[in-house]
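Trainee: no FASTA, just this:
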């Protein structure tokens, strides 16, 4: 929902699962993310639904465990990892100077996953991040991606891996970042005799205003669920049943919690408070029994009761009747607002009684937004792909499918808007780098804003809501310090381009003048610091071609902005700086005029490192040409006709070998041995801006049909790629799959 801190079904971009598999399950989980106090908080399985058959007796059986009373010789540490046991806990520390930024200990175990599918880990101390991976002899499977959370965690190995039956596999505990230890109390693999029954089948749909789900149970009962926003702070889950048996009336609502939990019997409100946020769950229906508390997931499933602690699971039993809905209202508040604010918000909605009207209100909002605010293309049909562009077997994409994906993208763009966060002194909205991905490595006051992706988001969203887009951009520019740095992860930002788009759409010269001083400081800082800076990675001598290219492009836009503002001296200043910086670029990334370009140059040693982000290089902006040919484009003086050199370069493929592999088939290929050229998508790992560079460069080179290839392939990939994400990777003929961070 635009302007909400809440996310329904946040995604972990470290997981091996696709978003639908990650978010859904037979327990019908409502997963929630919440942004507060400069952090992104994830509440998995906050609310679940189970049938409770009569006469079952629960229990937990441990199939394998290590309580770390001593360090077993079965554990093997990676190079650079110190593994020690003290006070019944395992400590992992990655020594300074280790070649990798993460390390692990690992051992083999053999388990019948049908009998014992659950693995539980207790993390007691954590300086940075930990992760859990498993491996049956092939590639690692991530069960828990890098996380900064500590506590008790339980995972279903069958769901995380797709494995079944008896399985021998390597268990890997991972610690991240040098000299940032993690401590583990135990690791257990368990089975459970559950007193609860989950759905035997379910189907969830997505609509902009709700997530409807239909679930079938072994008793013949059908449940209809609807999850939707009541307002920006409140969610509603309604469940109605068609009972398969008259006696099938006992059902359990339950969920995981972490924080100080309390229950108010009179109002039927469960409340949880943490140091960053609070939430409350109100139940309008009469509670038959509960709440009961369990220390972890397996004890919850087994119906075993514990005293409520700082984390665990809660459960309430409700008596249902056929055709009658039961409701749970979930409301959030920041820690500054307090748990009472969350409780009152939940009660206010639960006591209304006209909840369907709130859902209808959300539907009307999205209808108006899509109808009145977003741009409407004249045609959604894809242009014909040039011969050799697409691989054999590439699925067709219809105009209707493109239309469907286009308007979904606009829904995601609006839903990405975060509200001002006064608790960290930031009075501006944010266009999050990926609100559902819970990315939070930006500046402390605006941790959800990435200096690269959020700038692009602002450019796009300006077409739908220029006022919010301008406010978000002013917010980012307000964070630029006197030296010109924008705090947080340093990425190849496009501030001047963003300002140009905003001005072109609104004509707001006053807003442009207000942000120009900060923009100028930031672009000059970018010029002097063209590199990725994040965490412990900060090499002042490193020059990254991706960052240099971004600065060169922004300098061109900065000159245009200065002209709009009447700053004549600044126009010449930016134009001259761009010419000089382009010469630096040629010297840094080409050893000789005929050399293959590189990704990195180190000013202290003069060393150059191999190509990495092949599509990010400036070659793709003026076109796929060698160093000498680059001077024939991008506004520099040509020594030979640009078009002649361009066609010659295209014909000879004068680009690095690895780049030729990545772009194999980008140019129309002649059939060989009766087979067509492979086409884009075989090796392509592409992001938005490099693809635009390739397309624009090829158009400048005078090969417009070839220039359509990247757009044609990537649009097919987005439609069939199962997600909205940072970049696309190959995933079958002419397709591309999501790659972290996702979803964007």
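Mentor: Everything's here; your move. What you are looking at is a predicted structure, and each value in this text was computed from that prediction instead of being measured.

Trainee: so how far is the first residue of stretch 196-210 from its last?
Mentor: Terminal residues of stretch 196-210 lie 27 Å apart, using C-alpha to C-alpha, to the nearest Å.

Trainee: where does residue 657 land on pLDDT?
Mentor: On pLDDT, residue 657 comes in at 40.

Trainee: ok, now residue 593?
Mentor: 80.

Trainee: what's the answer for residue 396, then?
Mentor: Confidence score, pLDDT, at residue 396: 75.

Trainee: buried ones in stretch 118-138?
Mentor: Under the neighbour-count criterion of 16 or more other C-beta atoms under 10 Å, stretch 118-138 has 118-124, 126, 128-134 buried. For every residue, glycine as well, the C-beta is placed using N, CA and C.

Trainee: what mean pLDDT does that stretch have?
Mentor: For stretch 118-138, the per-residue pLDDT averages 95.

Trainee: just to revisit the earlier point, okay, and which of the buried residues of stretch 118-138 map to strands?
Mentor: The strands in this structure, assigned by DSSP state E, contain 118-124, 126, 129-134 from those.

Trainee: Adding distance to residue 68, write the residues you listed out as CSV.
Mentor: Output for these, formatted as CSV (distance: C-beta to C-beta, whole Å):
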residue, distance to residue 68
118, 19
119, 15
120, 14
121, 11
122, 10
123, 12
124, 11
126, 16
129, 20
130, 15
131, 18
132, 15
133, 19
134, 19
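
Trainee: Sort out which one of those residues lies nearest residue 301 for me.
Mentor: Nearest to residue 301, judged by C-beta to C-beta, of those is residue 118 at 8.7 Å.

Trainee: what residues are up against the closest one?
Mentor: 154-157, 189-192, 297-298 (C-beta atoms under 8 Å, 6 or more residues apart in numbering).

Trainee: can you pull the buried residues of stretch 584-593?
Mentor: Neighbour-count burial for stretch 584-593 flags 585-586, 588-590 (criterion: 16+ other C-beta under 10 Å).

Trainee: Can you give me the first-to-last residue distance of it?
Mentor: Stretch 584-593 end-to-end distance (C-alpha to C-alpha) = 13 Å.

Trainee: State the distance from the closest residue to residue 427 other than its chain neighbours to residue 232.
Mentor: Computed as C-beta to C-beta, 6 or more residues apart in numbering, the closest residue to residue 427 that is not its neighbour in sequence is residue 420, at 4.8 Å. Counting by C-beta to C-beta, to the nearest Å, the separation of residue 420 from residue 232 is 12 Å.

Trainee: cool, residue 542 as well?
Mentor: Taken as C-beta to C-beta, the span from residue 542 to residue 232 is 42 Å.

Trainee: When these two are compared, which one has more neighbours?
Mentor: Legend: neighbour count by other C-beta atoms under 10 Å for residue 542 and residue 232, higher for residue 542 (19 against 13).

Trainee: what's across from that one in the sheet?
Mentor: residue 602 (DSSP bridges).

Trainee: and the helix ranked longest in the chain, what does it pack onto?
Mentor: As assigned by DSSP state H, the longest helix anywhere in the chain is helix 568-589. Packed against helix 568-589 by the contact rule (3 or more C-beta pairs under 8 Å, 6 or more residues apart in numbering; DSSP states H and E) you find helix 509-528, helix 545-564.

Trainee: Report the inter-axis angle for it versus helix 509-528.
Mentor: Between helix 568-589 and helix 509-528, the angle comes out at 30 degrees (axes from the mean of the first three to the mean of the last three C-alpha atoms, to 10 degrees).

Trainee: List the buried residues for helix 568-589?
Mentor: Judged by neighbour count using 16+ other C-beta under 10 Å, the buried positions of helix 568-589 are 570-571, 573-575, 577-578, 582, 585-586, 588-589.

Trainee: want to throw these into CSV with distance to residue 146?
Mentor: Converted to CSV, the buried residues of helix 568-589 look like this (distance: C-beta to C-beta, whole Å):
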residue, distance to residue 146
570, 43
571, 46
573, 43
574, 40
575, 44
577, 39
578, 38
582, 38
585, 34
586, 38
588, 32
589, 31
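
Trainee: Distance to residue 278 and pLDDT added to the residues you listed, as JSON lines?
Mentor: Listed next are those as JSON lines, based on distance: C-beta to C-beta, whole Å; pLDDT from 0 to 100:
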{"residue": "570", "distance to residue 278": "49", "pLDDT": "98"}
{"residue": "571", "distance to residue 278": "53", "pLDDT": "98"}
{"residue": "573", "distance to residue 278": "52", "pLDDT": "98"}
{"residue": "574", "distance to residue 278": "49", "pLDDT": "98"}
{"residue": "575", "distance to residue 278": "54", "pLDDT": "97"}
{"residue": "577", "distance to residue 278": "51", "pLDDT": "97"}
{"residue": "578", "distance to residue 278": "51", "pLDDT": "96"}
{"residue": "582", "distance to residue 278": "54", "pLDDT": "93"}
{"residue": "585", "distance to residue 278": "51", "pLDDT": "92"}
{"residue": "586", "distance to residue 278": "56", "pLDDT": "90"}
{"residue": "588", "distance to residue 278": "52", "pLDDT": "94"}
{"residue": "589", "distance to residue 278": "52", "pLDDT": "89"}
